[in-house]
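*Asks:* Mind looking at a prediction? Sequence and model below.
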Amino acid sequence: MVEHAGGNGRPRKIKDTSRTLGQYLCRDSSISLRTLKIKLAKKNVDVSPSTIQRQLINHGYKKDLSLATPMLTNLHKEDRVKWAQEHLNNNWKKLFFRMKQLFVYSEIQ
């Protein structure tokens, strides 16, 4: 029986740069495809923006706008300051440890 040797077709240009793309996106999630193209060109990877977009889609990235969140009103800001001043002397390490225990305990159940 003859086995297929594999490797038919043109090798992909962007195969080894998917990690690099992910790092660029972690640093700046609003970076454009053209800017990514320029950054990859500096690493001697010449690809089109559509190739970069296809690669990002294959890795699970989406081009979505973040949800709009309402601005804090002055009342919200005053309430936050008041709460922070009231809880300034709390033992936060102890509270965090308790919350962590509760989280771990609820995970087991």
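*Replies:* Here it is on my side, so go on.
*Asks:* tally of neighbours for the residue nearest to residue 34 when sequence neighbours are not counted?
*Replies:* Once flanking residues are discounted, residue 34 sits nearest to residue 49: 5.6 Å by CB to CB, 6 or more residues apart in numbering. Placement of C-beta: from N, CA and C, glycine included. Using other CB atoms under 10 Å, residue 49 has 13 other residues around it.
*Asks:* Also residue 77?
*Replies:* By other CB under 10 Å, 10 other residues sit near residue 77.
*Asks:* you'd agree the residue nearest to residue 34 is up against residue 38?
*Replies:* No: judged on CB atoms under 8 Å, residue 49 makes no contact with residue 38 at a distance of 10.0 Å.
*Asks:* what's the neighbour count on residue 17?
*Replies:* 20.
*Asks:* wait, what's in contact with it?
*Replies:* Applying CB atoms under 8 Å, 6 or more residues apart in numbering, we find residue 17 in contact with 40, 43, 45.
*Asks:* if you set the cut-off to 7 Å instead, what comes out?
*Replies:* By CB atoms under 7 Å, 6 or more residues apart in numbering, the contact list for residue 17 reads 40, 45.
*Asks:* Give me the pLDDT for it.
*Replies:* Reported pLDDT at residue 17 in the predicted model: 72.
*Asks:* do residue 1 as well
*Replies:* What the model reports for residue 1 is a pLDDT of 66.
*Asks:* Could you do residue 33 as well?
*Replies:* Looking at residue 33, its pLDDT reads 89.
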